[in-house]
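>>> Give me a model of this one.
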Amino acid sequence: MTATMRKYIIKRLIYSAFIAWGIFTVTFVLLRIGPSSPADRYLATMGAGKGDIEEIITALETRQGLDKPIYVQYVDYVTNLLHGDWGWSFSTSMPVMDLIRIHWIYSFQLILLSMIFAALLGIVIGIYSAVNQYSRIDYLSTFFSFVGISIPNFWLGIMLILIFSVKLGIFRTYYDTSLPVFSFENLKNLVLPVITLGTGSMAAYTRYVRSSTLENLKKDFVRTAKAKGLPERTIIWRHVFRNAMLPIVTIIMFDLSGVVFGGAYLTEIIFGIPGLGQISFNAIFAGDYAVVVAVTLIGAFITLLFNLITDISYTFLDPRIRYE
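Have a look, this model is predicted:
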C-alpha cells in the first residue's frame, strides 16, 4: 500500500467518523424531543395500573438518567458509548449490546444469502444476455429484469407467502430460533425471504452487467484478442468480464449497504426473522431509545465502511485509478 493510499484511507476514516457522529447526534436529539418518554411506553406494555404510575415513571427515568437535561443525557450517552456501554433496552429488559449480539447473526445470514443469490444470477444472466444479444434469452432476461426492479419487495414477499406457504404449504412462515442458524430447516425457510430480498438487486445487476458487457464487447481490445485467435470464452471471462465489473462493484457495494436497513428491514418483519430490522421495528413502537440509536449507528457505520471498501477496490480492478 502506497503512502498516498494510506493518506487517502486515513482522510476517509476521519470524514466517516464525523458523518457517523452527525447521524448519531440527529437521531439522539429527534428521539429525545418526542412527545412521550420510553418509560410511558414501557409501562403501557407491562399493563401497569394508574394508581402510582407517576411515581414509577419518575423512578424509571431517574434510574436511566432521562430526567436530566438533554445535553447532559447526550454527554453521558457518548461517554458510556466510548466505554462499550450501549445503554439499556426498556422493551427487552437487557443491555443493548447483548440484544444486538443475539440478533445480528440473523440479519447477516439473510443479507449474505440474498446478495450471493442476486450477484451470482445477475452477473451470469447479464453476461449471457449480452453475449447473445437480441436472442430469445436476451429479450426474456430484459423483460424479467424490468419486472424485478418494478416489484416492491414487501408485495413480493406477501405473494410468495400466500402461494408457497398458505396455498401449497411448502415453506413455513416463521423462523425457528431454537435450531442452529445454518441448519437445513432454517436455510429452507430462508428461501422465500432470500428471493424476496434478492430479486430487485438481481434484476438491477442483470441490467448493469448486460449494458457494461455490451459496451466492452465493442472495444478495440476485443477485436485484437479475436484477431489473435483467443477462444471466445477466454475473451469474455478474462478480458471483457474484468473491465465490465468495475461499475458493477460500485453498484453491488452501495446496494449491499442500502439493503442492510432497507429491504432487509421489511423482509425480516414480513417473515418474522428476528434480526436487527425486527428488533429496531419493535423498539420504535416501544419508544426504546437506546436500541433505535444503536441500530441506526450500526447502519451508518456499515454504509460508510462499504463505501470506503468500494473506493479501495477500484485500484485493484483498474490500475489506471489512483488517489492522489
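
>>> biggest helix in this structure by residues?
In the chain, ranked by residue count with DSSP state H as the criterion, the top helix is helix 96-131.

>>> How far off centre is that helix?
Distance of helix 96-131 from the chain centroid (Cα atoms, centre = their mean, to the nearest Å) equals 9 Å.

>>> Go through that helix and flag the buried ones.
Neighbour counts using 16 or more other Cβ atoms under 10 Å place 96-97, 99-100, 103, 106-107, 109-111, 113-115, 117-119, 121-123, 125-131 of helix 96-131 among the buried residues. In short, each C-beta sits where N, CA and C put it, glycine included.

>>> Then stretch 144-161?
Of all the residues in stretch 144-161, those buried under the rule 16+ other Cβ under 10 Å are 145, 148, 153, 156-157, 160-161.

>>> what does stretch 7-21 give?
8, 12, 16, 20.

>>> which one of the residues you listed sits closest to residue 223?
Nearest to residue 223 among these, counting by Cβ to Cβ, is residue 8 at 36.0 Å.

>>> What distance do you get for that closest one to residue 296?
The spacing between residue 8 and residue 296, counted by Cβ to Cβ, to the nearest Å, is 27 Å.

>>> ditto for residue 141
For residue 141, the distance to residue 296 - Cβ to Cβ - is 37 Å.

>>> More neighbours: which of these two?
residue 141 (22 against 19; other Cβ atoms under 10 Å).

>>> Grab the nearest non-local neighbour of that one.
Among residues not flanking residue 141 along the chain, residue 129 sits closest, at 4.3 Å (Cβ to Cβ, 6 or more residues apart in numbering).

>>> Verify the contact between that neighbour and residue 144 for me.
No: in this structure, residue 129 is not within contact of residue 144 by Cβ atoms under 8 Å, at 10.3 Å.

>>> Find the residues that touch each one of the two.
Common neighbours of residue 129 and residue 144 (criterion: Cβ atoms under 8 Å, 6 or more residues apart in numbering): none identified.

>>> helices and strands around the one helix or strand residue 246 maps to, which ones?
Using DSSP states H and E, residue 246 sits in helix 241-260. The contact analysis (3 or more Cβ pairs under 8 Å, 6 or more residues apart in numbering; DSSP states H and E) places helix 241-260 against helix 96-131, helix 191-217, helix 289-317.

>>> try it again with 10 Å
With contacts taken as 3 or more Cβ pairs under 10 Å, 6 or more residues apart in numbering; DSSP states H and E, helix 241-260 sits against helix 96-131, helix 191-217, helix 263-271, helix 289-317.

>>> from the middle of its chain, how far away would that helix be?
13 Å.

>>> again, but for stretch 19-38
A distance of 21 Å separates the centroid of the chain from that of stretch 19-38, by Cα atoms, centre = their mean.

>>> what residues does it touch?
Outside stretch 19-38, the residues within contact range by Cβ atoms under 10 Å, 6 or more residues apart in numbering are 43-44, 57, 60-61, 64, 66-67, 70-71, 73-74, 77-78, 81, 89-91, 283-284, 286-301, 303-305, 307.

>>> Do I have it right that residue 146 meets residue 200?
No: look at residue 146 against residue 200 with Cβ atoms under 10 Å: they stay out of range, at 11.4 Å.

>>> how about low-confidence regions in the stretch 201-324 of the chain?
Applying pLDDT under 70 to the stretch 201-324 of the chain flags the ranges 257-262, 314-324.

>>> Helix, strand, or coil at residue 175?
Residue 175 carries the three-state label coil when classified by DSSP: H, G, I helix; E, B strand; the rest coil.

>>> OK, contacts around the residue nearest to it when sequence neighbours are not counted?
Spatial nearest neighbour of residue 175, chain neighbours left out: residue 273 (4.8 Å); criterion: Cβ to Cβ, 6+ apart. If you count contacts by Cβ under 10 Å, 6+ apart, residue 273 has them with 103, 106-107, 109-110, 174-175, 177, 186, 189-190, 193, 264, 267.

>>> domain parsing for this protein?
As assigned by automatic domain parsing, the chain contains the domains 3-88, 97-317.

>>> tilt between the longest helix of the chain and helix 289-317?
Computed by axes from the mean of the first three to the mean of the last three Cα atoms, to 10 degrees, the angle separating helix 96-131 from helix 289-317 equals 40 degrees.

>>> by contact count, what packs against helix 96-131?
Applying 3+ Cβ pairs under 10 Å, 6+ apart, we find helix 96-131 packed against strand 88-89, helix 136-150, helix 184-189, helix 191-217, helix 241-260, helix 263-271, helix 276-286, helix 289-317.

>>> Now with 8 Å, please.
strand 88-89, helix 136-150, helix 191-217, helix 241-260, helix 263-271, helix 276-286, helix 289-317.
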